[in-house]
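Participant: compute the structure for the input listed below.
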Amino acid sequence: MKVALLSDCYPPRTGGIESQVSDLAVHLQAAGHEVEVFTATRGAKGERGGTVETVDGIPVHRMALQLPRDIPVNPMAPPMVRARLQGGGFDVAHVHLGVVSPFAWDMARVTTGLGMPTALTFHCVLDKAALTLRPALRTWTGQGAVLSAVSDLAAAGVRHAAPGVPVGVVPNGIAPGEWPAGPVRSTARPLRVVTATRLAPRKRVGALLRVVADAHARVGPGALVLDVFGDGAMRALLESHSAALGLGDVVRWRGSVSRSELAGHYRECDVYLSTTRLEAFGIAALEARTTGLPVIARADSGVGEVITDGVSGLLAADDAGLADALVRLTADSTLRTRIAGHNASTPPSQSWEQIADLVVGEYLRAGA
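Facilitator: A predicted model of the protein is given here:
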């Protein structure tokens with residue numbers, strides 16, 4: 001099967017959709033499919049304007065413009081992509097969408113307009129955007145496109161936007177071998193808490209700091225530290241907020257690191273903490289869980305679908321519950337080591353071999 005993957009973002013940009021689309025391309029190719037990628041992200045050497053480069057053996061059509069901060073937007077791309085899709089002999093198009101994905105929305109119009117079998121996957125929680133998107137989804141599904149989302153939580157929003165249309169669930173995938181488990185530390189002082197996130201409002205890093213401040217006040221000085229991996233425009237503001245909360249010696253801002261470096265850091269930590277709510281899946285939490293870390297997260301986020309409360313982590317109904325869970329794992333080494341031992345010895349069910357089969361099932365559904 002020849003597959004066109006279309007996404008606003010792709011490496012060298014870093015983030016959830018970027019890593020998932022690039023990993024999907026690699027695993028589809030390994031399964032014997034022919035894959036090409038169309039993206040509005042420029043290449044590592046500035047490739048753009050329709051340049052085709054090969055990354056991991058996969059042709060990547062760089063449809064980027066030269067824009068400030070390399071914003072992945074190109075309203076002039078549709079005619080060029082349309083021509084390449086028409087002449088490329090593709091069997092199916094797979095468009096990857098977020099709440100704000102101008103390139104992907106353009107690509108959905110292109111592929112459905114061509115009559116190509118099209119799978120549309122949502123990597124986001126639509127929330128208030130659901131009704132706004134209803135006319136577009138009605139048009140595209142009327143032209144044969146099939147819909148899916150990366151979690152039940154995300155799928156519920158898509159069903160609200162497209163009432164009466166079947167919506168599949170295709171979770172994000174992980175290669176467990178890239179996230180090997182580390183040793184389980186039965187004694188940990190200070191407890192090393194870690195998170196990996198973009199420093200953006202949607203990720204609720206301010207709430208994360210407040211949760212840690214609450215727990216820190218209850219467990220006392222020297223009991224825990226927090227490593228924050230990731231970067232973003234809010235970093236300076238968040239650093240100031242951290243200092244104002246009295247966390248200057250508790251929170252350590254680690255910046256962006258490679259995937260392998262992050263896996264290594266996880267193996268030196270004790271607990272992963274997530275405060276996100278509008279998180280469609282929570283791939284960072286799953287990666288941390290795969291290395292053996294107990295995960296503390298909100299039950300009303302997508303992370304709640306990959307973490308089992310009391311087994312692979314602790315889920316909470318609200319931020320106060322997150323602080324309670326952090327205090328509990330700081331004080332209860334027996335519970336912490338039991339969860340860590342389970343995670344280290346039990347690979348997650350979302351391995352790429354299984355997820356790739358689900359994706360191909362969506363392609364067959366689109367073709368039918």
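Participant: need the strands for this structure, in chain order.
Facilitator: Under the criterion DSSP state E, the chain contains strands at 2-7, 34-39, 51-55, 58-62, 92-97, 118-122, 146-149, 167-169, 191-196, 224-229, 251-255, 271-273, 295-298, 313-316.
Participant: can you pull out the low-pLDDT segments for the chain?
Facilitator: 188 (pLDDT under 70).
Participant: how is it carved up into domains?
Facilitator: As given by automatic domain parsing, the domain ranges for the chain are 2-173+351-367, 176-345.
Participant: mean neighbour count added to those domains, as a markdown table?
Facilitator: For every residue, glycine as well, the C-beta is placed using N, CA and C. Below are the domains of the chain laid out as a markdown table (neighbours: other Cβ atoms under 10 Å):
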| stretch | mean neighbour count |
| --- | --- |
| domain 2-173+351-367 | 19 |
| domain 176-345 | 19 |
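Participant: need the contact list for the closest residue to Val99 other than its chain neighbours.
Facilitator: Nearest in space to Val99, with sequence neighbours left out and distances taken as Cβ to Cβ, 6 or more residues apart in numbering, is Cys124 at 4.7 Å. Going by Cβ atoms under 8 Å, 6 or more residues apart in numbering, Cys124 touches Leu97, Gly98, Val99, Ala154, Leu278, Ala280.
Participant: distance check, the fourth one against Lys2.
Facilitator: According to Cβ to Cβ, to the nearest Å, Ala154 and Lys2 sit 27 Å apart.
Participant: could you measure Ser101 against His342, distance?
Facilitator: 36 Å.
Participant: tell me who's in contact with the residue nearest to His160 when sequence neighbours are not counted.
Facilitator: Closest residue to His160 apart from its sequence neighbours, by Cβ to Cβ, 6+ apart: Ala130 at 4.5 Å. Each residue near Ala130 by Cβ under 8 Å, 6+ apart is listed here: Gly157, Val158, His160, Ala161.
Participant: and if you look at Glu18?
Facilitator: If you count contacts by Cβ under 8 Å, 6+ apart, then Glu18 has Ser7, Cys9, Tyr10, Pro11, Thr41 around it.
Participant: tabulate the residues you listed (TSV), appending distance to Gln143.
Facilitator: Listed next are the contacts of Glu18 as TSV, based on distance: Cβ to Cβ, whole Å:
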residue	distance to Gln143
Ser7	20
Cys9	25
Tyr10	25
Pro11	30
Thr41	27
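Participant: what two of these have the greatest distance between them?
Facilitator: The largest separation in the contacts of Glu18, counting by Cβ to Cβ, is between Ser7 and Pro11 at 10.6 Å.
Participant: about what we covered before: of the contacts of Glu18, closest to Ala217?
Facilitator: Cys9 (38.7 Å).
Participant: that closest one is in contact with Asp70, isn't it?
Facilitator: No - between Cys9 and Asp70 there is no contact under Cβ atoms under 8 Å: 10.2 Å.
Participant: intersection of neighbour lists for these two?
Facilitator: Thr41.
Participant: now do the helices in the protein.
Facilitator: Remark: helices assigned in the chain by DSSP state H are 16-30, 78-87, 102-113, 130-142, 152-161, 205-219, 235-244, 259-266, 283-290, 319-331, 333-345, 352-367.
Participant: okay then, goodbye and thanks.
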